[in-house]
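> turn this into a model:
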Amino acid sequence: MSFVYGTIPHMTRSASAQRLSALARLRRVRDRIDREYAQPLNVEALARGVNMSSGHLSREFRRAYGESPYSYLMTRRIERAMALLRRGDLSVTEVCFAVGCSSLGTFSTRFAELVGMPPSTYRSQASRGTAGLPPCVAKQVTRPIRNREAPAASLT
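Sure, this is the predicted structure:
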């Protein structure tokens, strides 16, 4: 058994086990968001499901995945909305409610932030742009990119 100066070996394993347990709980939250994105979810309900406070869940989720649980949820909803809008058989309002958003304004604003255009514009352009592509390829090439991740526009 190796000894690290200033630590007790059994305490190191205990801290490691606690960290793994916390990561497992965060994965359960992420998996729940992926499964139930269309349900009315909020950070408080997600936190209750893994016996954490909402503030602690938000901090730990951000540390583990680089974004807040709410942001992750909205990204999943927008990805699904993009797929529904590419199909072209639902209105923007129907898509908004189908993906679990309760406010058309919030949905449209968040959609435009992530995709770079309003959902109505995306709907009219996407059906032409992905015609003939298999759905799995269309999903990959149309995945939303956050504004902070998008390449900076040149000033020339």
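
> make it CA atoms for all contacts and neighbour counts henceforth
OK.

> and the longest helix along the chain, what's buried?
Across the chain, the helix with the greatest residue count (assigned by DSSP state H) is helix 9-36. Buried residues in helix 9-36, defined by neighbour count with 16 or more other C-alpha atoms under 10 Å: 22, 25-26, 29-30, 33, 36.

> stretch 104-112 now?
Those buried within stretch 104-112 under the rule 16+ other C-alpha under 10 Å are 107-108, 110-112.

> need the contact partners of that stretch.
74, 78, 93, 96, 101, 117-119 (C-alpha atoms under 8 Å, 6 or more residues apart in numbering).

> now the residues you listed in a markdown table, with distance to residue 86?
Putting the contacts of stretch 104-112 into a markdown table (distance: C-alpha to C-alpha, whole Å) gives the following:
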| residue | distance to residue 86 |
| --- | --- |
| 74 | 18 |
| 78 | 12 |
| 93 | 14 |
| 96 | 14 |
| 101 | 18 |
| 117 | 14 |
| 118 | 13 |
| 119 | 10 |
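
> widest-spaced pair of those?
Using C-alpha to C-alpha, these span at most 17.8 Å, a distance reached by 101 and 117.

> quick one, which of these two is more surrounded?
Each of residue 101 and residue 117 has its neighbours counted (other C-alpha atoms under 10 Å); residue 101 has more, 22 against 15.

> can you say which helix or strand has that one in it?
For residue 101, there is no enclosing helix or strand under DSSP states H and E.

> picking that back up, closest to residue 18 out of the buried residues of stretch 104-112?
residue 110 (35.4 Å).

> what strand or helix carries the closest one?
Counting by DSSP H and E, the element that carries residue 110 is helix 104-115.

> follow-up on the earlier one: now the buried members of the contacts of stretch 104-112.
Buried, going by 16+ other C-alpha under 10 Å: 74, 78, 93, 96, 101, 118-119, out of the contacts of stretch 104-112.
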